[in-house]
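Undergrad: Dropping a prediction and its sequence here:
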Amino acid sequence: MKLRKVLIKMNEGKTEKAAEQFLSKMVRSSPFKGKVYIAGGYVRDEFMGLDPKDIDIVVELSQGGIKFAEYVTKQMGNYKKGSNPVIYPKFGTAKFNLKGKHNGLDLSGIEVEAVMSRSEQYTRGSRKPDVKPGTLKQDVERRDFTVNSLLKDLTSGEVVDLTGQGKADIKKGVIRTPLDPNIIFSEDPLRMLRAIRFTVKYGWDLPLFMIRAIKKNSKKINSISSERIRDEFDKMLGTKKPKQAVRLLKITGLMQHIMPELQSTIGVTQNKYHTVDVWNHLLDVLEKVPTDVTKRLAALFHDIGKPTVKKIIDNEVHFYQHEDISAEIAEKMMRRLKYPNEIISKVTSLVKSHMRLKSAGDKGEKISDKALRKFKRNVGDHLEDVLDLMDADNKSHSGHSSIQGQIPGIRTRLKGLKDAPKTGGSQYSIPITGDDIRNLGVNPGPIYKKILSAVQDAADDDPSLTRNQALAIVKGMI
């Protein structure tokens, strides 16, 4: 299964190119010759030398997207009224699936979206525009950024730059809008987040006039659904520069509308274990964890409760139980952004657990095997994720507090750590089952749980605990 996924990934760019060639051949011998273009990210990525994907078509003809989709599906023999293509008449848009092979590659998994060249007029307070047929120039000017405004003529193969800025901005690495950014951002405020994502994803520049425009319009992000905001934020976290993305959210004023809890960490001084405030520490940890959305969310939120619990006792700063408060705040934030329950559960678990090995020593030598077994069992499937977060957190402390060898040492110990066989409930590693306890006359209840905990404690202390020894503990407690 893994090999198949790798092969599919390797062929993605080739398949998309084959699909382009297939459509180009069809267009050149059709009534649509000279009127069909590939638009957007596909052309941008190809111009940058990257594997192109996601074919979006624009047809210079009234209702051209729908007419082209119907023509292509009928030519391929997979036209099915109502489902292929799927038609959105209000917007002059159609989606259809390809069929067949080209240059030996199966195109059946390729979905194409086709639209007519159009102009749009937004009504105040609405994200759904009134759509009218328009020229190609009007069509590219309504797009989010100049780098996404290039067109590729499917008849000639020529890349067309009607704004006169798309190619140059890709070469220079600049994110800007085809028209006044205040207009573009007012039409769809999500574009402000996309501007930041493109900036960090490609290592491009976000000009000062764009930053000012985002700042001016930042409040409008409140009109965007939580799901769309969350998806853009996750994509930022998946880049190589998540720290820069979060900084730009702050600079542009978007953060106070999306994650005000993060804003509250700015300037919160810490104790002797840190030289930076809570905000900068969170960003340092974020940068050090592996590229995984849940780990990066946990890194960004792991100390977010510190401003709430900060206390100064005898001139010393303390953050007692900040991990629990941080987990509560993180859960609240993620629910507001409509994260799936599975991700919320995992992130809050990582945040709650990130302090559990702080006293384990510089090399992880100060924690007993018994305690290490208990830790491993309690974090369960999240073990490696918790260790990654802990390691990044440790390395983001200052001076001698940066115990960089601790988690590598813990990982070495875990490899050789012997566990009791897991024959009990899922959270227990003991040599007896619940049935064994019930057969001795103990029904589920407080004493039942105490017995399980006692047997587990003995197994943590000695993983060679036998069945008879475990039963003896049970009988002794009865």
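TA: That came through, no problem.
Undergrad: Check which element follows the least confident helix or strand in the chain by mean pLDDT along the chain.
TA: Lowest on mean pLDDT, DSSP states H and E among the helices and strands of the chain sits helix 2-28, with a mean of 72. Helices and strands here follow DSSP states H and E; after helix 2-28, the next one along the chain is strand 36-39.
Undergrad: Specify the next element, helix or strand, located C-terminal of that next one.
TA: Where DSSP H and E defines the elements, the next helix or strand beyond strand 36-39 is helix 41-47.
Undergrad: Average pLDDT for that next one, rounded please.
TA: Mean pLDDT, helix 41-47: 96.
Undergrad: mind checking how far it is from the chain centre?
TA: Its chain's average C-alpha position is 22 Å from that of helix 41-47, according to Cα atoms, centre = their mean, to the nearest Å.
Undergrad: And for it, what's in contact with it?
TA: The contact list for helix 41-47, computed with Cβ atoms under 8 Å, 6 or more residues apart in numbering, reads 16, 20, 51-56, 147-148, 150-152, 159, 166-167, 170. Just so you know, the C-beta spots here come from the backbone N, C-alpha and C atoms, and that holds for glycine as well.
Undergrad: could you redo the last one with a cut-off of 7 Å?
TA: Helix 41-47 is contacted from outside by 51-56, 147-148, 150-152, 159, 167, 170, using Cβ atoms under 7 Å, 6 or more residues apart in numbering.
Undergrad: Can you give me the domain boundaries for the chain?
TA: According to automatic domain parsing, the chain comprises the domains 2-170, 180-258, 259-415, 434-477.
Undergrad: ok so, going back, Serialize the contacts of helix 41-47 to CSV and add fields for secondary structure and pLDDT.
TA: Formatted as CSV, the contacts of helix 41-47 follow (DSSP: H, G, I helix; E, B strand; the rest coil; pLDDT from 0 to 100):
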residue, secondary structure, pLDDT
D51, coil, 93
P52, coil, 92
K53, coil, 89
D54, coil, 91
I55, coil, 95
D56, strand, 96
V147, helix, 97
N148, helix, 96
L150, coil, 97
L151, strand, 97
K152, strand, 98
V159, strand, 97
K167, helix, 97
I170, helix, 97
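Undergrad: Which single one of the residues you listed is nearest to I473?
TA: Distance ranking of these against I473, using Cβ to Cβ, places K53 first at 59.9 Å.
Undergrad: count of residues packed around the closest one?
TA: For K53, the neighbour count with other Cβ atoms under 10 Å is 16.
Undergrad: right, and it touches E16 too?
TA: Yes. Counting by Cβ atoms under 7 Å, K53 does reach E16; the two are 5.1 Å apart.
Undergrad: re the thing from before, redo the contacts of helix 41-47 as JSON lines? Include distance to E328.
TA: Compiled in JSON lines, the contacts of helix 41-47 are given as follows (distance: Cβ to Cβ, whole Å):
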{"residue": "D51", "distance to E328": "43"}
{"residue": "P52", "distance to E328": "44"}
{"residue": "K53", "distance to E328": "40"}
{"residue": "D54", "distance to E328": "39"}
{"residue": "I55", "distance to E328": "45"}
{"residue": "D56", "distance to E328": "42"}
{"residue": "V147", "distance to E328": "41"}
{"residue": "N148", "distance to E328": "40"}
{"residue": "L150", "distance to E328": "47"}
{"residue": "L151", "distance to E328": "50"}
{"residue": "K152", "distance to E328": "50"}
{"residue": "V159", "distance to E328": "52"}
{"residue": "K167", "distance to E328": "50"}
{"residue": "I170", "distance to E328": "44"}
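Undergrad: which of these tops the neighbour count?
TA: Neighbour max across those (other Cβ under 10 Å) = V147, 30 neighbours.
Undergrad: ok, now which ones touch it?
TA: R44, G166, D169, I170, I175.
Undergrad: Check the contacts of helix 41-47 against I221 and report the nearest one.
TA: N148 (19.8 Å).
Undergrad: Excluding covalently adjacent residues, which one is nearest to that closest one?
TA: G40 (5.1 Å; Cβ to Cβ, 6 or more residues apart in numbering).
Undergrad: Alright, calling it a day.
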